[in-house]
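Asks: here is my input; please provide its structure:
(one chain, ligands or ions: 1)
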Amino acid sequence: MRKKIVAGNWKMNKNLTETGVLLSNLKINLENVSETEVIVAPTYTNLYYAFEELKETQIKVAAQNMHQAENGAYTGEISVDMLKSVGVETVILGHSERRAYFGETDQLLANKVNTALQHKMTIIFCFGEELQDRKSNTHFSVVEQQLKNGLFHINRADWKNVILAYEPVWAIGTGETASPEQAQEMHAFIRKTLANTYDQETADEVSILYGGSVKPNNAQEIFAKADVDGGLIGGASLDAENFTAIVNAI
Ligand code: 13P
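Replies: All right, here's what the predicted structure looks like:
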């Protein structure tokens with residue numbers, strides 16, 4: 001059975017004090033969540049603190065990005081070894097904001113994927129079409145290309161360390177969410193593509209999260225869809241009550 005997962009991507013929000021407040025509230029609210037895997041992704045400077053705060057809990061800590069090189073002269077960058085040395089075992093790669101604002105290409109992401117997997121990190125791999133792709137009815141092929149170019153070179157065995165996050169760009173931070181039917185249609189397509197590229201068992205085991213304006217009032221109907229295994233939450237993950245309500249909506 002594939003895992004149900006709710007992950008909070010805090011993006012460039014929450015300083016150290018604010019991180020402390022949010023973590024303490026989540027610790028209280030989510031003490032008894034056992035079946036759903038809960039992940040939070042604070043900014044780099046607060047990762048170690050978050051790891052220390054959460055290490056006795058079931059909540060995992062993820063980084064929002066990492067560099068593809070092992071180490072070296074890459075001013076301002078963070079390596080996989082640095083993440084692992086502060087207890088972080090999960091990394092978000094390919095977020096549309098990284099693709100759009102920081103020029104991350106499928107090829108670069110393929111390299112990051114390789115480095116992360118070599119170090120046995122779990123990857124939350126993000127992808128999704130833009131509004132113009134959906135309007136021109138190319139959203140399935142755009143998503144398929146992103147997966148083929150950035151991820152589908154990995155071995156079958158590596159899929160146990162991969163979580164997929166379908167995030168249509170037009171739904172991120174806009175308040176406009178994909179309908180549960182649109183999410184299900186795309187998730188089923190992704191699973192079928194995985195089955196065709198690898199095999200049915202691999203496809204059935206991979207958790208596919210939906211991301212894009214998931215809120216307490218729409219989470220339940222999105223999560224109820226057969227191929228939606230949880231969510232990657234932006235704005236609503238910054239508030240303990242909202243995030244808790246979304247976790248409990250699974
Ligand atoms: P919002 O939930 O704010 O739309 O963000 C989604 C997202 O980008 C999560 O990675």
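Asks: hey, let's count contacts and neighbours off CA atoms from now on
Replies: Noted.
Asks: quick one, helices of this protein?
Replies: Listed in chain order, the helices of the chain (DSSP state H) span residues 16-29, 47-54, 80-85, 96-101, 106-118, 131-135, 139-150, 180-197, 200-205, 219-223, 240-248.
Asks: looking at those helices, which one has the lowest mean pLDDT?
Replies: Of all the helices of the chain, mean pLDDT reaches its minimum on helix 131-135 (a mean of 94).
Asks: mind listing what's buried in it?
Replies: D133 (16 or more other Cα atoms under 10 Å).
Asks: with only the CA atoms kept, save it in PDB.
Replies: The C-alpha coordinates for helix 131-135 follow below in PDB (Å, rounded to 0.1, in the frame of the first residue of the first chain):
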ATOM      1  CA  LEU A 131      -1.900  27.800 -17.800                       C
ATOM      2  CA  GLN A 132      -1.200  28.200 -21.500                       C
ATOM      3  CA  ASP A 133      -0.400  24.400 -21.700                       C
ATOM      4  CA  ARG A 134      -3.700  23.600 -20.300                       C
ATOM      5  CA  LYS A 135      -5.500  26.000 -22.500                       C
END
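Asks: centre of the chain to it, how far?
Replies: The chain centroid and the centroid of helix 131-135 are separated by 22 Å, computed with Cα atoms, centre = their mean, to the nearest Å.
Asks: what about R2, how many residues nearby?
Replies: Counted with other Cα atoms under 10 Å, residues neighbouring R2 total 11.
Asks: contacts only, for the residue lying closest to it once chain neighbours are set aside.
Replies: Nearest non-adjacent residue to R2, counting by Cα to Cα, 6 or more residues apart in numbering: E205, 4.9 Å away. Counting by Cα atoms under 8 Å, 6 or more residues apart in numbering, E205 makes contact with M1, R2, K160.
Asks: how many other residues sit next to the first one?
Replies: Spelled out, that is M1. By the criterion of other Cα under 10 Å, M1 has 7 neighbours.
Asks: grab the most central residue of this structure for me.
Replies: Nearest to the geometric centre of the chain sits I124, at 4.1 Å (Cα atoms, centre = their mean).
Asks: who's in contact with it?
Replies: T90, V91, I92, L93, V162, I163, L164, A165.
Asks: export those to CSV and tack on pLDDT, neighbour count and distance to W10?
Replies: As requested, those are arranged in CSV below (pLDDT from 0 to 100; neighbours: other Cα atoms under 10 Å; distance: Cα to Cα, whole Å):
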residue, pLDDT, neighbour count, distance to W10
T90, 98, 27, 14
V91, 98, 23, 13
I92, 98, 22, 11
L93, 98, 27, 14
V162, 98, 20, 20
I163, 98, 21, 18
L164, 98, 24, 18
A165, 98, 29, 15
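Asks: and those as a markdown table, adding distance to the ligand?
Replies: Formatted as a markdown table, those follow (distance: Cα to the nearest ligand atom, whole Å):
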| residue | distance to the ligand |
| --- | --- |
| T90 | 14 |
| V91 | 12 |
| I92 | 9 |
| L93 | 10 |
| V162 | 16 |
| I163 | 13 |
| L164 | 11 |
| A165 | 8 |
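Asks: and those residues, which is closest to K11?
Replies: Checking those against K11 by Cα to Cα gives I92 as the nearest, at 10.7 Å.
Asks: separation between the closest one and F243?
Replies: Going from I92 to F243 by Cα to Cα, to the nearest Å gives 18 Å.
Asks: thinking again about what came up before, now, the most widely separated pair of the contacts of I124?
Replies: T90 and A165 (13.5 Å).
Asks: before we move on, the earlier item: can you put the helices of the chain in TSV and add distance to T174?
Replies: Below are the helices of the chain laid out as TSV (distance: least, Cα to Cα, whole Å):
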stretch	distance to T174
helix 16-29	23
helix 47-54	27
helix 80-85	31
helix 96-101	13
helix 106-118	24
helix 131-135	12
helix 139-150	18
helix 180-197	16
helix 200-205	30
helix 219-223	16
helix 240-248	17
